[in-house]
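>>> Have a look at this prediction, sequence included:
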Amino acid sequence: MKKEQVLRCQLSAWYPLFKRLTIRSVILPLPQNVIDYLLDDGTLVISGRNEAPSCSHVDDGSDDEQDVQWSDDENVTTLTDAQWIAMNSSLKCNNLSDIFLLLKSSDFVTHDLTQPFLHCTDDSPDPKVDPQLVLRKWCELIPGGEFRCFVKENKLIGVAQRDHTQYYDHVCNQAANILGSLLDFFRNQIQYKFLDEDFVFDAYRDSQGKVWLIDFNPFGEVTDSLLFSWEELTSGQTISKGDLKDPDSPAFRYITSEMTVQPSPYLSYRLPKDFVDLSRGEDAHKLIDFLKLTRSQEPESSDEEG
């Protein structure tokens with residue numbers, strides 16, 4: 001994955017090309033004082049105007065104000081890791097307090113503000129990045145309608161159920177139709193039009209079978225490979241297609257049984273980082289301190305029993 005690929009996945013880079021295919025959006029510069037606030041360990045109270053942000057200045061011929069979702073788009077990041085802290089566990093924001101609560105609670109935002117090119121393989125100097133906020137019209141998307149599509153050398157090689165922790169009966173029953181819709185959408189609307197030949201895009205198929213573009217992501221480990229592995233996506237070998245034998249079709253992976261349902265990968269963000277690091281063994285110093293504490297308490301327990 002190259003640094004150029006990361007930059008080309010900024011919404012500001014691709015939105016003008018695919019505006020009619022995706023959710024209505026406004027791109028705003030992120031002021032330095034807001035960046036400082038997001039990176040600060042303390043908690044600040046947001047003061048000043050607290051009205052619901054308006055989409056009325058978006059150039060789409062509409063003057064209606066809409067409820068919106070805000071997301072930091074320096075590295076094409078949504079705030080799913082902070083969703084647990086929001087009212088009703090929703091990313092829908094009605095005022096500035098909602099927006100800053102999500103931004104301040106997201107580890108993803110911190111990563112993108114400090115290490116946007118962490119997994120890039122080229123040794124060139126990091127290009128200058130101007131962090132942005134993207135204001136998107138709020139849409140109620142059914143998780144079972146979201147799919148992640150992996151494109152290599154301008155060929156769609158794999159499609160995965162976006163919410164890979166749940167079983168959706170309609171996905172199993174309509175797998176061929178879903179894959180056909182996504183493949184047609186890619187060939188007619190996306191192929192050879194994006195700025196790179198290797199990329200990942202998220203799409204949404206509504207109840208009428210129409211497909212909408214949600215986002216672009218870099219083709220690399222910074223992007224969640226879901227039901228695939230990056231080793232098989234980048235190996236150059238043909239990916240097993242399961243029951244779909246058409247050689248021109250991409251591999252389509254989805255949860256096929258309720259027995260394979262998994263816990264959400266974002267659950268760990270609801271716990272203090274120290275607890276998560278300790279449970280995963282990712283911080284040796286914390287583990288050593290924990291063992292010392294446990295050992296120091298053992299004599300006390302023995303004395304009390306005696």
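Looks like it came in fine.
>>> where do the helices sit along the stretch 51-200 of the chain?
With DSSP state H, counting those that start in this stretch as the criterion, the stretch 51-200 of the chain has helices at 96-105, 107-114, 169-173, 175-185.
>>> Of the ones you listed, which is nearest Ile255?
Across the helices of the stretch 51-200 of the chain, Ile255 has its closest neighbour in helix 169-173 (7.6 Å, C-beta to C-beta). C-beta here means a position set from N, CA and C on the backbone, and glycine is covered the same way.
>>> per-residue confidence averaged over the closest one?
Mean pLDDT, helix 169-173: 94.
>>> what packs against that helix?
The helices and strands touching helix 169-173, judged by 3 or more C-beta pairs under 8 Å, 6 or more residues apart in numbering; DSSP states H and E, number zero.
>>> what's next to that helix, contact-wise?
Outside of helix 169-173, the residues within contact range by C-beta atoms under 8 Å, 6 or more residues apart in numbering are Gly144, Gln161, Ile178, Tyr254, Ile255, Thr256.
>>> re earlier: using a markdown table, lay out the helices of the stretch 51-200 of the chain together with distance to Gly220 and mean neighbour count.
Output for the helices of the stretch 51-200 of the chain, formatted as a markdown table (distance: least, C-beta to C-beta, whole Å; neighbours: other C-beta atoms under 10 Å):
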| stretch | distance to Gly220 | mean neighbour count |
| --- | --- | --- |
| helix 96-105 | 25 | 19 |
| helix 107-114 | 14 | 17 |
| helix 169-173 | 26 | 13 |
| helix 175-185 | 21 | 17 |
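>>> Adding distance to Leu38, write those helices out as JSON lines.
Shown next, in JSON lines, are these (distance: least, C-beta to C-beta, whole Å):
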{"stretch": "helix 96-105", "distance to Leu38": "6"}
{"stretch": "helix 107-114", "distance to Leu38": "6"}
{"stretch": "helix 169-173", "distance to Leu38": "36"}
{"stretch": "helix 175-185", "distance to Leu38": "35"}
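>>> Among the ones you listed, which comes closest to Thr121?
Nearest to Thr121, of all the helices of the stretch 51-200 of the chain, is helix 107-114, at 17.9 Å by C-beta to C-beta.
>>> Can you spell out which helices and strands pack onto that closest one?
helix 32-39, strand 68-72.
>>> Quick check: mean pLDDT of that helix?
Mean predicted confidence for helix 107-114 is 77.
>>> Check stretch 7-24 too.
Here stretch 7-24 scores 94 as its mean pLDDT.
>>> Drop anything exposed from the contacts of helix 169-173.
The neighbour count (16 or more other C-beta atoms under 10 Å) marks Gly144, Gln161, Ile178, Tyr254, Ile255 as buried among these.
>>> about what we covered before: and of the helices of the stretch 51-200 of the chain, who's closest to Ala203?
It is, among those and with distance given as C-beta to C-beta, helix 175-185, at 6.0 Å.
>>> quick one on the thing from earlier: ok, of the contacts of helix 169-173, which one's closest to Asn217?
For these, the residue nearest Asn217 by C-beta to C-beta is Gln161; the value is 15.8 Å.
>>> Hmm, the closest one is touching Arg253, no?
Yes - if you go by C-beta atoms under 8 Å, Gln161 and Arg253 touch, sitting 6.9 Å apart.
>>> Overlap of the contact sets of the two?
Common neighbours of Gln161 and Arg253, using C-beta under 8 Å, 6+ apart, are Leu226, Leu227.
>>> just to revisit the earlier point, nearest to Ala13, of the helices of the stretch 51-200 of the chain?
Using C-beta to C-beta as the measure, helix 107-114 is the one of the helices of the stretch 51-200 of the chain that comes nearest Ala13, at 14.9 Å.
>>> tell me which helix or strand of this structure sits lowest on mean pLDDT?
Using mean pLDDT, DSSP states H and E, the weakest-scoring helix or strand in the chain turns out to be strand 68-72, at a mean of 43.
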